[in-house]
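Visitor: Model the following, please.
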Amino acid sequence: MDKIRSEELHHLVELMKLKSAVKSDYIAEFVDGIIRETYLRLRLLDVLSLPEISLNTGESKPLEEVIKTLEDMCQRYEEHLAEIKKLRERAKTPLELEIIASLEKSLERSHITTRMLINALTESRG
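Guide: Numbering: from 1, shown residues only. Predicted coordinates:
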């Protein structure tokens, strides 16, 4: 995996050099797409190298605690969305704007889905 990571980093460096050398906006957009995909692969390789996390805690929580935890998560999503909006205002390039917009949409989806889960759990207990 280290060899793949090393080669992907090398590709990323070369792509960044290429992007700065390209005069055509049209070609630069293609290079931007390849850069994004390369960066994504690097991030996925990072995840693969993390130690295994056990998601099975062996204990259950009362429904009220679960709902409270989900509500806390929603609060943090709202805080993160506020920070992302500030990032959007400071973005300097179309690539930065696109990445920030993707991050914002992903956070919004998680926030909405978590709210829906809270609603479903709240209705099921009543």
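
Visitor: how far is the one helix or strand Ser110 maps to from where the chain is centred?
Guide: Per DSSP states H and E: Ser110 is located in helix 94-125. Relative to the centre of its chain, helix 94-125 is centred 11 Å away, using CA atoms, centre = their mean, to the nearest Å.

Visitor: That one - contacts with which helices or strands?
Guide: Applying 3 or more CB pairs under 8 Å, 6 or more residues apart in numbering; DSSP states H and E, one finds that helix 94-125 makes contact with helix 25-48, helix 63-90. C-beta here means a position set from N, CA and C on the backbone, and glycine is covered the same way.

Visitor: Buried ones in that helix, by neighbour count?
Guide: 95, 99-100, 104, 107, 111, 118 (16 or more other CB atoms under 10 Å).

Visitor: what bits of the chain have low per-residue confidence?
Guide: Within the chain, the stretches with pLDDT under 70 are 53-58, 126.
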